[in-house]
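1. What shape does this take:
(one chain, ligands or ions: 1)
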Amino acid sequence: MKKTYLKSTSEAVAPFPKDLLLWNYWDHEHVVGTHFEHYKKVKIIRENEKECLSERTAKLPLVPFYITEQTLAKLESPNKMLVYHSTLFNLVKVKQVFDFEEIDKNNCRVTRSDFLEIPYFLKFLQKLFDIIMKKWFVAVWAEDMPMRERRYKVWKLGFKDFKGIDYVNDEKVNSNSYQRHPERDYKLELPVPKITNIKKEGSFRLFKKSKHLGYSK
Ligand SMILES: [Fe+2]
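-> Model (predicted):
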């Protein structure tokens, strides 16, 4: 059967360094918490500093039940990420291309292009696909913003993963040293360090509907 693609492109600018946005996309542990309305389980099958293969139980727009999909994310270059989704016995395949354009040190444009492989006779769904994907982009972007803001704020105070902020942990450390260095460059570490069982049994929600409780263990 002749195949073609439904396509959609969305973009937005965030007031954060490019590598902090990449951290957000490569952090799989927040997915069942921050995006709990769309995902209930995520398991990492394998990952390294350039690739991550995961399995996600997700509710896609307009699909009234959960499906399990395999997601392969690849960091093509420091400014480009490719994500391949596959579900329903590889019958449904979506490719997403994320372009990160650093406007300056603290601002970055993210452009996401989506390609859904379809048999040619479904081409009439193009407009609907475009509407759904643009809506999805805006919704997920808004959900991610608080954690990006929080991460950048504590990063500028000297936060280190699983260590915290040393002058908060130890009153003998002088906090002025951080106030004198507010321009600490954001550093991306891949794979993102983990705190949950996302690589063993997977990370899933402990509470069904709460924006504050329910992050995985
Ligand atoms: Fe997210």
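2. Need the phi and psi values for the residue nearest the centre of the chain.
-> Geometric centre of the chain, nearest residue: Tyr25, 2.7 Å, by Cα atoms, centre = their mean. Backbone torsions for Tyr25, taken as degrees, to the nearest 10, come to phi -70, psi -30.
3. just checking, it touches Leu75?
-> No - applying Cβ atoms under 8 Å as the test, Tyr25 and Leu75 come out as separate, 9.5 Å apart. Placement of C-beta: from N, CA and C, glycine included.
4. Next, show the common contact partners of the two.
-> Met81 (Cβ atoms under 8 Å, 6 or more residues apart in numbering).
5. Next, count neighbours for Val92.
-> 16 (other Cβ atoms under 10 Å).
6. That one pairs with what?
-> Under DSSP bridges, the beta-bridge partners of Val92 are Thr87.
7. before we move on, the earlier item: bridging across strands, which residues link to the closest residue in space to the residue nearest to the centre of the chain that isn't next to it in sequence?
-> Excluding the flanking residues, the one nearest Tyr25 by Cβ to Cβ, 6 or more residues apart in numbering is Met81, at 6.5 Å. Beta bridges link Met81 to Leu75, Phe98 when assigned by DSSP bridges.
8. do you know how far Trp23 is from Arg148?
-> Distance from Trp23 to Arg148, counting by Cβ to Cβ, to the nearest Å: 9 Å.
9. quick one, which of the two is more surrounded?
-> Using other Cβ under 10 Å, the more surrounded residue of Trp23 and Arg148 is Trp23, with 21 against 18.
10. Show the pLDDT at the residue lying closest to the more buried one once chain neighbours are set aside.
-> Leaving out its chain neighbours, the residue that sits closest to Trp23 by Cβ to Cβ, 6+ apart is Leu188, at 5.5 Å. pLDDT recorded at Leu188 is 91.
11. how about the strands in this structure?
-> Along the chain, counting by DSSP state E, strands occupy 3-14, 39-47, 51-58, 67-77, 80-87, 92-104, 107-119, 203-204.
12. Quick one: residues in contact with the third one.
-> When contacts are defined by Cβ under 8 Å, 6+ apart, strand 51-58 is touched by residues 26, 28, 31, 38-47, 66-75, 191, 202.
13. That'll do, ta.
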